[in-house]
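A.B. asks: Sequence and predicted structure, then a few things I'm wondering about:
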Amino acid sequence: NAGVTQTPKFRVLKTGQSMTLLCAQDMNHEYMYWYRQDPGMGLRLIHYSVGEGTTAKGEVPDGYNVSRLKKQNFLLGLESAAPSQTSVYFCASSYSGGGETQYFGPGTRLLVL
Amino acid sequence: RKEVEQDPGPFNVPEGATVAFNCTYSNSASQSFFWYRQDCRKEPKLLMSVYSSGNEDGRFTAQLNRASQYISLLIRDSKLSDSATYLCVVRDSSYKLIFGSGTRLLVRP
């Protein structure tokens, strides 16, 4: 049981390049989330999904897109990376949304030059 | 004003000390409350939920004061392994979690 995994672990991009971050969970969780963590800011919710085929915007969605084609996977896309998107990205999942524990992946460190 | 505010620390304490962290939240409609622990360059992990009546898990005690919108975490008999950042987390009236920026704890020998 791997829990929540994220790919890649680290990436360097040039401004304007695109990339996709992959999150996978093997716990059969309905809810999945993407956060970013910046120094002094805490984790901020980018997008989330309450089930396969559904997505919704979080607190800081601009510049990102997501897709949840399969229940176990949640993809985060950056179409045109900007230096302001340099951050650590965490994916999380939970069985439901009502106060359930969220389980986090190990994170992806992204540097945009 | 941040929705969840914490003293960033760091709190630098000797082994065996008792240390307390505080957290305030701004949304009175918040539903659930948690403390997460995050080790350096690692993902956050749930430490404990916080209940209205207060709750204890070994050396850790969490308290909630809804009237003052205040949450606390007490760690007794600190261990070196307790060194980490402690995140105060609040669930709002939907199911979204709001994270504080964390309080850093350093336990020295």
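C.D. replies: That came through fine. Numbers count the residues shown, from 1 in each chain, chains lettered A, B, ... in the order given.
A.B. asks: Per-residue pLDDT of the residue nearest to B:Lys96 when sequence neighbours are not counted, please?
C.D. replies: Closest residue to B:Lys96 apart from its sequence neighbours, by C-beta to C-beta, 6 or more residues apart in numbering or on different chains: A:Leu45 at 6.0 Å. Every residue, glycine included, has its C-beta placed from N, CA and C. A:Leu45 is assigned a pLDDT of 94 by the prediction.
A.B. asks: what's near enough to touch A:Leu45?
C.D. replies: By C-beta atoms under 8 Å, 6 or more residues apart in numbering or on different chains, the contact set of A:Leu45 is A:33-35, A:58-60, B:96-97.
A.B. asks: how far out from the middle of the chain is the strand or helix carrying it?
C.D. replies: Counting by DSSP states H and E, the element that carries A:Leu45 is strand A:42-49. The chain centroid and the centroid of strand A:42-49 are separated by 7 Å under C-alpha atoms, centre = their mean, to the nearest Å.
A.B. asks: Next: stretch A:2-11.
C.D. replies: 10 Å.
A.B. asks: quick one: contacts of it?
C.D. replies: Contacts of stretch A:2-11 (C-beta under 8 Å, 6+ apart): A:19, A:21-27, A:89-93, A:103-111.
A.B. asks: switch to 10 Å and redo it
C.D. replies: The contact list for stretch A:2-11 (C-beta atoms under 10 Å, 6 or more residues apart in numbering or on different chains) reads A:17, A:19-27, A:29, A:32, A:34, A:74, A:76, A:78, A:81, A:88-93, A:102-112, B:43.
A.B. asks: what's the span of it, first residue to last?
C.D. replies: The first residue of stretch A:2-11 is 22 Å away from its last residue (C-alpha to C-alpha, to the nearest Å).
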